[in-house]
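Enquirer: Quick one, structure for this:
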Amino acid sequence: MQLFISHSSRDREWELVQKRVEAAGFKAYLAEHDLQPGRPLNDKIQEEIESSDAVVVVLTSNAAASAIVRDEIGYALGKGKLVVALVTPDVARDPTKLGMLNGLEYIPFDIDNPQDGLLALTDWANDLSRQKQQALQQAQFLMFEAQQTQLQSQQARLQATTVDLARAQAQADAATMVLVLVGALLVVVVLSSGSK
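Expert: Below is the predicted model:
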C-alpha cells in the first residue's frame, strides 16, 4: 500500500512520518525522493496521488500556507482519494488553516511529542490496509462466483448440444435403417420378379 506524503519543504516533520509509514510495511511516496529531471512536476505529483491508496498531509503552519500542499489536497479530494491530515496544535487552534480539510476528522500531531500521532497514523494505515485486503478478497470471490456461473452455463449449453447431436445421430441412424430396408425390399422385389 502506498501513501502519498504531502508536506511543506520548509518542514522536516515529514521524515518522522516517512520512517513510521515505512516501518509499518507501507510505501511512503515523497516527490523529492523521486527525481525525474525534465518531467513536469505537476504531472508527476498528480500521477502519484492517483496511484496512491491515500494521501497523508503533514499539516503544519508552513504546509497550511503552501500553495503546493493546497493543490495536492485539492487534487486528491477531486479524485476521490482518502486524505488524512496530521495536524499540529497551532493549525488545530485556527480552523481557517485547515482549508479544504476543515470539517474532516484529523490526527493530532504534536511535533514535540510525535509518538501518539504516529501511532494513530500507523493504526489508521493498518485498518485501511485490512479494509482494502478484505475488499480485494470479496472482489476475487465475486469474480470466482461469476466464473463458476459462466462455466456452469457453458456446461449446460454443451450438454444441450450433446443431446441435440445424439438426437440428430439417432434420426440419421433411423433414416439409414429405412434406406437399408427399402433397398433390401427392392432387391427382393427385383430378384423375385426376375425369377418368374
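Enquirer: can you give me the strands in this structure?
Expert: 2-6, 27-29, 54-59, 82-87, 107-108 (DSSP state E).
Enquirer: Could you export those as a markdown table, including mean neighbour count?
Expert: C-betas here are computed from N, CA, C, even on glycine. As requested, these are exported to a markdown table (neighbours: other CB atoms under 10 Å):
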| stretch | mean neighbour count |
| --- | --- |
| strand 2-6 | 23 |
| strand 27-29 | 19 |
| strand 54-59 | 26 |
| strand 82-87 | 22 |
| strand 107-108 | 16 |
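Enquirer: Between those, which one is closest to Gln147.
Expert: strand 2-6 (29.3 Å; CB to CB).
Enquirer: now the strands of the chain as CSV including distance to Leu165 and mean pLDDT?
Expert: Supplementary listing: these in CSV, determined by distance: least, CB to CB, whole Å; pLDDT from 0 to 100:
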stretch, distance to Leu165, mean pLDDT
strand 2-6, 54, 94
strand 27-29, 56, 91
strand 54-59, 57, 95
strand 82-87, 56, 94
strand 107-108, 67, 94
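Enquirer: Compile those strands into a markdown table and extend it with columns for distance to Leu101.
Expert: Shown next, in a markdown table, are the strands of the chain (distance: least, CB to CB, whole Å):
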| stretch | distance to Leu101 |
| --- | --- |
| strand 2-6 | 11 |
| strand 27-29 | 19 |
| strand 54-59 | 7 |
| strand 82-87 | 5 |
| strand 107-108 | 11 |
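Enquirer: Leu186 is nearest to which of those?
Expert: strand 2-6 (84.7 Å).
Enquirer: packing partners for that closest one?
Expert: Using 3 or more CB pairs under 8 Å, 6 or more residues apart in numbering; DSSP states H and E as the contact test, the elements touching strand 2-6 are helix 14-23, strand 27-29, helix 41-51, strand 54-59, helix 67-78.
Enquirer: would JSON lines of the ones you listed with distance to Lys97 be doable?
Expert: JSON lines is the format used below for the helices and strands packed on strand 2-6 (distance: least, CB to CB, whole Å):
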{"stretch": "helix 14-23", "distance to Lys97": "17"}
{"stretch": "strand 27-29", "distance to Lys97": "24"}
{"stretch": "helix 41-51", "distance to Lys97": "21"}
{"stretch": "strand 54-59", "distance to Lys97": "8"}
{"stretch": "helix 67-78", "distance to Lys97": "11"}
